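Asks: no letters, just coordinates:
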Ligand code: FEO
């Protein structure tokens, strides 16, 4: 495997684990506000990010590449309102999409079609994640300022259940 592609894939393990940390931190923020549904939503989001990290790790391993784990940064965003984490999550997903695109670009440059095929799943996943994050913002803006509306949104997010990723290596 091309050295740059392998390095970027290895770095992505860390970025995904950081994403898991970031979402756990959001879950903690909502738990402290007694918004258990939002807390549940982001706890599951953290599990999904951990899965993403494992997929990058397994892909490198199945291609004979060495995996090196780095320190995970401390989530240092400060949230004050219910809306703050929602906005931060949408921004973060756009950042992650850009990272995936960068790896894709490097793989394309060196004609690494296998890695491009692997990354296709993440390209689709990122569209879905950006869409979900944007929808959480707009639904909060529509209904969240009313206590009953916020209660119903929270109830709905309490129903989110974890599902394993559809990509299996
Ligand atoms: Fe693994 Fe939410 O990107």
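Replies: Sure, I can see it. Note that the coordinates shown come from a computational prediction; the quantities given were computed from them, not determined experimentally.

Asks: most proximal residue of this structure with respect to the ligand?
Replies: The minimum distance from the chain to the ligand, using C-beta to the nearest ligand atom, falls at residue 52 (3.8 Å). In short, each C-beta sits where N, CA and C put it, glycine included.

Asks: surely that residue meets residue 165?
Replies: Yes - taking contact to mean C-beta atoms under 8 Å, the distance of 7.4 Å between residue 52 and residue 165 places them in contact.

Asks: those two: which has the busier surroundings?
Replies: Counting neighbours by other C-beta atoms under 10 Å for residue 52 and for residue 165 shows that residue 52 has the greater number, 24 against 13.

Asks: apart from its neighbours in sequence, what residue is nearest the more buried one?
Replies: Take residue 52 and drop its neighbours on the chain: the residue closest to it by C-beta to C-beta, 6 or more residues apart in numbering is residue 16, 4.1 Å away.

Asks: what's the answer for residue 87, then?
Replies: Residue 87 sits nearest to residue 137 (C-beta to C-beta, 6+ apart), 6.3 Å away.

Asks: give me the helices and strands touching the helix or strand harbouring that neighbour, please.
Replies: Taking DSSP states H and E as the definition, residue 137 sits inside helix 113-143. On a contact count with 3 or more C-beta pairs under 8 Å, 6 or more residues apart in numbering; DSSP states H and E, helix 113-143 meets helix 36-62, helix 83-109, helix 147-158.

Asks: check which helices and strands the second one sits against.
Replies: Here helix 83-109 touches helix 3-32, helix 36-62, helix 113-143, going by 3+ C-beta pairs under 8 Å, 6+ apart.

Asks: next, the angle from the shortest one to helix 3-32.
Replies: Read it as helix 36-62. Orientation note: helix 36-62 sits at an angle of 160 degrees relative to helix 3-32 (axes from the mean of the first three to the mean of the last three C-alpha atoms, to 10 degrees).

Asks: before we move on, the earlier item: contacts only, for the residue nearest to residue 87.
Replies: The contact partners of residue 137, by C-beta atoms under 8 Å, 6 or more residues apart in numbering, come to 83, 86, 87, 90.

Asks: where neighbours are concerned, which of those has the most?
Replies: Each of those was scored by neighbours using other C-beta under 10 Å; the highest score is residue 86's, at 24 neighbours.

Asks: thought it was touching residue 140?
Replies: Yes - under the criterion of C-beta under 8 Å, residue 86 makes contact with residue 140 at 5.8 Å.

Asks: sounds good, over and out.
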